[in-house]
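Trainee: only geometry, no sequence info:
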């Protein structure tokens, strides 16, 4: 999350302080963001959503949404970026993914006199905070608020529908693998765990605080999830794996398919991801979940 920023989804408010995840001052003057290189896919998508895409002069090779972003110059990786390539685009602001591997790049940009905004979105509340921060930085606070309000309204609507139609005792226990070898699953530290709750499921690894803890197939079997949430392509891999196929949910075909283009992005499609996931988990209610 933004190091000096906290957002409270429950109270539906956003409280900001003065620094990003790396302790750099948050940009608050839109003139400082006249030329933006975004090496953070969630941020890139938000910038388009708030109508500030004319300020973008570059992206990472990972930034594929919306489709229009592909027309921007691709400046390489978002982790350990090519500093020289980014500086050649003459940015006034570089948006980074906040990971330790990017601290040297942030320092290099600062030495070159370029502002940086290092952010990481692991939780839904952090998404709202990032939208707010970018709205202020790019001089579009009202549009940013509209984006947040739209996503929040969809999430609230799915939550209300599920709470009304799916009793707690009938919510399936699930596991959501994100890597097969070694096995990694969604834990409580991920927005995807929040999406499971919103969509009316119980994550059997909710007790794990990290976003994607490494576990064993034996431990998954011991927790005996009723359903496996995964993509269509990964479902085929699970069925073909002699190890994963020992999981009872796999052997009986209890698989709810997620859409990686929605659930895999902590960005403006979070509401759509919740709708898709709730329909996959509760197909009998698909017509009621919008």
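Mentor: Perfect, thanks for sending it. Since this is a predicted model, take the numbers as computed values, not measurements.

Trainee: how about the contacts made by the spatially closest residue to residue 72 that is not a sequence neighbour?
Mentor: Excluding the flanking residues, the one nearest residue 72 by CB to CB, 6 or more residues apart in numbering is residue 59, at 4.6 Å. (Each C-beta comes from the backbone N, C-alpha and C, glycine too.) Applying CB atoms under 8 Å, 6 or more residues apart in numbering to residue 59 gives the contacts 37-39, 44, 69, 72-75.

Trainee: by neighbours, which of these wins?
Mentor: Highest neighbour count within the contacts of residue 59: residue 38, with 32 neighbours (other CB atoms under 10 Å).

Trainee: ok, that residue touching residue 44?
Mentor: Yes: counting by CB atoms under 8 Å, residue 38 touches residue 44, with 4.2 Å between them.

Trainee: what's the overlap in contacts for those two?
Mentor: Joint contacts of residue 38 and residue 44 (CB under 8 Å, 6+ apart) are 56, 59, 63, 95.

Trainee: scan the residues you listed and report the most crowded one.
Mentor: Busiest of these [other CB under 10 Å] is residue 95, holding 31 neighbours.

Trainee: next secondary structure after the helix or strand it falls within?
Mentor: For residue 95, the element it lies in under DSSP states H and E is strand 93-97. Next along the chain after strand 93-97, taking DSSP H and E as the criterion, comes helix 103-111.

Trainee: list the buried residues of that following helix.
Mentor: 105-106, 108-109 (16 or more other CB atoms under 10 Å).

Trainee: ok, back up a step: would JSON lines of the contacts of residue 59 with secondary structure be doable?
Mentor: Converted to JSON lines, the contacts of residue 59 look like this (DSSP: H, G, I helix; E, B strand; the rest coil):
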{"residue": "37", "secondary structure": "strand"}
{"residue": "38", "secondary structure": "strand"}
{"residue": "39", "secondary structure": "coil"}
{"residue": "44", "secondary structure": "helix"}
{"residue": "69", "secondary structure": "helix"}
{"residue": "72", "secondary structure": "coil"}
{"residue": "73", "secondary structure": "coil"}
{"residue": "74", "secondary structure": "strand"}
{"residue": "75", "secondary structure": "coil"}
